[in-house]
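In: The following comprises the amino acid sequence and a computationally predicted model.
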Amino acid sequence: MRREPVNTRWWAIGDDEPDTAGPDALDAWVRAVRSRSEGRLDALDFHCALYGSDPRSAYLRDLYSKRVNDQRLRFNLVQSVADTVQAQVCETRPKPALLTDKGSWSQQRRAVQVERVLEGDFSYSAFYSAVCPAVVLDACVGGTGVAVVRMDDDDRAVIERIDPADVLVDPAEARHGHVCTVGVVTKVQRSVARDLFPDADEDVIEGADAVADDEFGSFKGDDDTIEIIEAWRCKVGDVDGLHVVAARGGGYLREPTPYTRRRLPVSFFHWRKRQTGFWSVGIAERLQGLQFELNMTLKKIQKAMELSTRRIAVMEGTKVNKTHITNDPQDVITYTGQPPIIIDGTLVPPELIAHRDRTIALAYEQEGVSQLSANSMKPAGLNSGEAQRVYLDNEAGRQLVPLRNFEAFVLDVSDALIDLHDEMQDAGIEQKVVAADRKWTKPMDWDDVRMDREAYVLKIQAANALPRGSAGRQAAIDEWAQAGLLSREQWLYLREIPDTDAFLEMELAPTNVVLQAIERMAEEEEYRPPNPNQDLALTMKLTSLAICRFEVEGAPDEVLEALHTYFDDARALMESATQAQAATQAAAVPPDAAMQQQPPIAA
């Protein structure tokens, strides 16, 4: 008898169906996706074990102890390579930029403000310092890192890292690498669920199924554990999607809401894509063969070291008191006849040592990482800053595909942030948007900076090219001195304290003062007169350039008038300072000297 198919299309439940139809379909979808993803979850657990994390399931914990545990502690090659690559990728810190195509003055100003709002969101979520390292490490170990953009309890956009094992993607739907449906499963204690969803029906939380002790590595505490499922279905064609939050086996914790965006709020960082399928290949999977080969080689070396003990040969018939042979350095051995002979044990074969070194080097070469980078060292003789930059560029070239994927991940997160701000604005939620710059933050209204999607394109800004290491900074300082950009005192100071970032901030302070004043006039129409202590010649030059630029961009007359006033005020201060200096010099000249300097009068 043919079984009737179970409905797993939880996003297509009609209004005429029972209230339990949606949660039942969602639960059936979760079971189906988990059943199709068992191989991926087992492989992910095993790759986490190779890196050094404990597997989740009991079966894989036993497998881990038999195949990995007693071997991986000798030399964790996967962890060494993954940590090195993680540091290299996170060091890039790509930033999104909004580019307008022949946009008006207001569009260009809005684009700058949106960039600062995104920077404020990144800072609020600790994106570069906490989220990115975790996501990159997930990609290095398991192949794919995941982050989600959502609204927190304070009505602010926040970016969170998600464990890839908790993400549900239907392999049948994602065969060609694109997904329309994503679910995130979070295990929480039942009492915690009541605090997270105080407005939810109590019967929903009480009726949720308790998770078994060994199901996907869940461990029970004093309270039983349930699963919270949050799932999205994006808009496909003209059909809107759906966003639901439910307790598995209990029902919806919130009323399902239509999802009208064509992209999901979940962003994926793929290390190296497979030819087919959605989930990618990570470093642990690529190096597991070399890791096991290295483990066996180290085990043989250890065994050889154990066998390489000292032996003592005694001729048959010779009377030797064996109790006198000890480890003391000045033993007295009594014997009659031939003295005993000490035979040194066999040392470790050099072929094993060479094979160990070749295996380690091959792993680093395969992933495009030098062993010097793993030890934070540079090649001998590579002292100039230009040579070090070329060396780092060549090394980064091997990681070109993961770096491009990381940039695409940052752009995808930025796109999701903009979508969330638009969605919150359309829903009438008073959101707390904070624009951030390097030195200041400012609360803003998203409606004042919101832009049409067709008016801009998201790109990646160029990162800071200054070296971060001490040796690279010293080389850059020497190059600046040779180019005549530093005085002797500045060179000596920077050689003692090579803080190039603080030095550049101090040197560029006169320029930043003028640029900040120009930005305030352009964006806020706030006029602040120039300060007599600032570089007035530089002020006039930068203001003149800004006037020409803003005239070409079609700035409002009020902005241009403020810039002209700023230029005139700077020129007046400069003329006043020149006249005061001339008067001071004239007052310092004695009268007799002034008479002597006058030209003779003709008779």
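Out: Looks like it arrived, so ask away.
In: what residues does the helix or strand containing residue 284 touch?
Out: Using DSSP states H and E, residue 284 falls within helix 283-307. Applying CB atoms under 8 Å, 6 or more residues apart in numbering, the contact partners of helix 283-307 are 43, 47-48, 50-51, 71-72, 74-78, 81-82, 85, 140-143, 271-272, 345-349, 352-353, 355-356, 359-360, 362-363, 366-367. C-betas here are computed from N, CA, C, even on glycine.
In: for the longest helix belonging to the chain, packing partners?
Out: For the chain, the helix with the greatest residue count under DSSP state H is helix 557-588. Packing partners of helix 557-588 (3 or more CB pairs under 8 Å, 6 or more residues apart in numbering; DSSP states H and E): helix 509-523, helix 536-553.
In: which parts of that helix are buried?
Out: 559-560, 562-563, 566-567, 569-571, 573-574 (16 or more other CB atoms under 10 Å).
In: Of those residues, which pair is most distant in space?
Out: 559 and 574 (22.8 Å; CB to CB).
In: I'd like the mean pLDDT over the helix holding residue 284, please.
Out: Averaging pLDDT along helix 283-307 gives 88.
In: Buried residues, that helix. List them.
Out: 283-288, 290-295, 297-298, 301, 304.
In: Need phi/psi at residue 171.
Out: phi -60, psi -30 (degrees, to the nearest 10).
In: Revised request: answer the last question for residue 120.
Out: Torsion angles at residue 120 (phi, psi; degrees, to the nearest 10) stand at phi -70, psi -40.
In: Look up how far residue 321 lies from it.
Out: Here residue 120 is placed at a distance of 84 Å from residue 321 (CB to CB, to the nearest Å).
In: do residue 141 as well
Out: Here residue 141 is placed at a distance of 60 Å from residue 321 (CB to CB).
In: cool, residue 417 as well?
Out: Applying CB to CB to residue 417 and residue 321 gives a distance of 84 Å.
In: If you count surrounding residues, which of those two has more?
Out: The residue with more neighbours, out of residue 417 and residue 321, is residue 417; 24 against 11, by other CB atoms under 10 Å.
In: Quick check: residue 232 is in a strand.
Out: Yes - counting by DSSP: H, G, I helix; E, B strand; the rest coil, residue 232 is part of a strand.
In: Across the sheet, point out what pairs with it.
Out: Per DSSP bridges, the residues bridged to residue 232 are residue 182, residue 243.
In: and it, what pLDDT?
Out: 95.
In: number of nearby residues for it?
Out: Residue 232 - counted by other CB under 10 Å - has 22 other residues nearby.
In: Confirm for me that it is in contact with residue 241.
Out: Yes - at 6.7 Å, residue 232 and residue 241 qualify as touching, with contact defined as CB atoms under 8 Å.
In: secondary structure class for residue 368?
Out: What three-state DSSP gives for residue 368 is coil.
In: From residue 288, how far out is it?
Out: Taken as CB to CB, the span from residue 368 to residue 288 is 18 Å.
In: Residue 45 sits in which helix or strand?
Out: Following DSSP H and E, one finds residue 45 within helix 38-51.
In: what mean pLDDT does that helix have?
Out: 89.
In: Find out how far it is from the centre of the chain, if you would.
Out: In terms of CA atoms, centre = their mean, to the nearest Å, the centre of helix 38-51 is found 22 Å from the chain centre.
In: which stretch in the helices and strands packed on helix 557-588 is the model least sure about?
Out: Minimum mean pLDDT among the helices and strands packed on helix 557-588: helix 509-523, a mean of 83.
In: mind listing what's buried in that helix?
Out: For helix 509-523, by 16+ other CB under 10 Å, it's 510, 513-514, 517-518, 521-522.
In: Quick check: chain neighbours aside, which residue is closest to the residue positioned nearest the centre of the chain?
Out: Centroid check for the chain by CA atoms, centre = their mean gives residue 132 as the closest residue, at 2.4 Å. Nearest non-adjacent residue to residue 132, counting by CB to CB, 6 or more residues apart in numbering: residue 90, 5.4 Å away.
In: wouldn't that neighbour be in contact with residue 133 here?
Out: Yes - counting by CB under 8 Å, residue 90 touches residue 133, with 5.3 Å between them.
In: can I get the buried residues of helix 509-523 in TSV with distance to residue 27?
Out: Shown next, in TSV, are the buried residues of helix 509-523 (distance: CB to CB, whole Å):
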residue	distance to residue 27
510	65
513	61
514	62
517	60
518	59
521	59
522	55
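In: what sits against residue 207?
Out: 247, 249-251.
In: returning to what we had before: for the helix holding residue 284, the distance to its chain's centre please.
Out: 32 Å.
In: Given whichever helix or strand comes after that helix, what are its sheet partners and their directions?
Out: Scanning forward in sequence from helix 283-307 by DSSP H and E, the next helix or strand is strand 311-313. When pairing is defined by DSSP bridges, strand 311-313 lines up against strand 341-343 (antiparallel).
In: Contacts for the strand it pairs with next, please.
Out: Strand 341-343 has contacts (CB under 8 Å, 6+ apart) with 310-314.
In: so where does residue 434 fall, helix or strand?
Out: Using DSSP H and E, residue 434 sits within strand 433-436.
In: now residue 139
Out: Following DSSP H and E, one finds residue 139 within helix 132-142.
In: just checking, what packs against that helix?
Out: Here helix 132-142 touches helix 38-51, helix 77-90, strand 144-151, strand 157-162, strand 266-270, helix 283-307, helix 400-426, going by 3+ CB pairs under 8 Å, 6+ apart.
In: pLDDT on that helix, on average?
Out: Mean pLDDT, helix 132-142: 95.
In: Can I get that helix in PDB, CA atoms only?
Out: What follows is helix 132-142, C-alpha atoms only, in PDB (Å, rounded to 0.1, in the frame of the first residue of the first chain):
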ATOM      1  CA  CYS A 132      34.000  37.300  11.700                       C
ATOM      2  CA  PRO A 133      36.700  35.200  13.500                       C
ATOM      3  CA  ALA A 134      34.000  32.700  14.500                       C
ATOM      4  CA  VAL A 135      32.500  32.500  11.100                       C
ATOM      5  CA  VAL A 136      35.900  32.200   9.400                       C
ATOM      6  CA  LEU A 137      36.900  29.400  11.700                       C
ATOM      7  CA  ASP A 138      33.700  27.600  11.000                       C
ATOM      8  CA  ALA A 139      34.400  27.800   7.300                       C
ATOM      9  CA  CYS A 140      38.000  26.600   7.800                       C
ATOM     10  CA  VAL A 141      36.900  23.600   9.800                       C
ATOM     11  CA  GLY A 142      33.600  22.700   8.300                       C
END
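In: Run the chain-centre distance for it.
Out: Centroid separation for helix 132-142 versus its chain: 9 Å, with CA atoms, centre = their mean.
In: neighbouring contacts of that helix?
Out: 44, 47-48, 50-51, 53, 78, 82, 85-86, 89-90, 144-147, 161, 163-164, 269-271, 279-280, 282-284, 402, 406, 409.
In: buried set for stretch 184-202?
Out: Within stretch 184-202, the residues scored as buried using 16+ other CB under 10 Å are 184-185, 187-188, 190, 193, 197, 200.
In: end-to-end on it?
Out: Using CA to CA, to the nearest Å, the end-to-end distance of stretch 184-202 comes to 22 Å.
In: Can you pull out the residues in contact with that stretch?
Out: Contacts of stretch 184-202 (CB under 8 Å, 6+ apart): 30, 148, 162, 166-168, 205-206, 208, 210-211, 218, 221, 223-231, 245, 247-248, 251, 253-254, 266.
In: cool, and stretch 506-525?
Out: 109, 112-113, 526-528, 530-531, 534-535, 538-539, 542-543, 546, 550, 555, 558-559, 562-563, 566.
In: 7 Å - rerun?
Out: 109, 526-528, 534-535, 538-539, 542-543, 546, 550, 555, 558-559, 562-563, 566 (CB atoms under 7 Å, 6 or more residues apart in numbering).
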